[in-house]
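Enquirer: missing the sequence, but the structure's below:
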């Protein structure tokens, strides 16, 4: 995750497709940024909820990933999010921050927030449960 954030490793393909970037990664925490645009709009003229869902899923899952040892991975078991304000292209830059809440041997939970970069207003928030995958898990 740190290598993606510092540019020494390529980003995940979803980042290019959706137009977001990982800007910070530390133990149990990540921060992504994006700017919603017309390509993210749904038929009623607001940014599709999948934009927020993807950013939240990414920041929370990546936060879990930062806790994995070499050879370990993770898989999302459950993800939930709430949209609390409409997002439009006029919202401008948004920041998605993920934090690990619990890291066990086989299960990890994390939470995330999506906020407007200009005023810090909460746009959406979520939680995830991830299974830790180890080479010995068979």
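Expert: That came through fine. Quick caveat: nothing in here was measured; it's all calculated off a predicted structure. Residues are numbered from 1 along each chain as shown.
Enquirer: do you know the pLDDT at residue 117?
Expert: pLDDT, residue 117: 98.
Enquirer: again with residue 138
Expert: For residue 138, pLDDT reads 49.
Enquirer: with residue 2 instead?
Expert: pLDDT, residue 2: 83.
Enquirer: for it, list the residues it contacts.
Expert: 25-26, 66 (Cβ atoms under 8 Å, 6 or more residues apart in numbering). In this view, the C-beta of every residue, glycine as well, is placed from N, C-alpha and C.
Enquirer: what's the mean pLDDT across the longest helix along the chain?
Expert: Determined from DSSP state H, the single longest helix within the chain is helix 49-65. The pLDDT scores in helix 49-65 average 97.
Enquirer: how about stretch 89-101?
Expert: 98.
Enquirer: can you list the buried residues in it?
Expert: With burial defined by 16 or more other Cβ atoms under 10 Å, the residues of stretch 89-101 counted as buried are 91, 94-98, 100.
Enquirer: what does stretch 43-60 give?
Expert: 46-48, 51-60.
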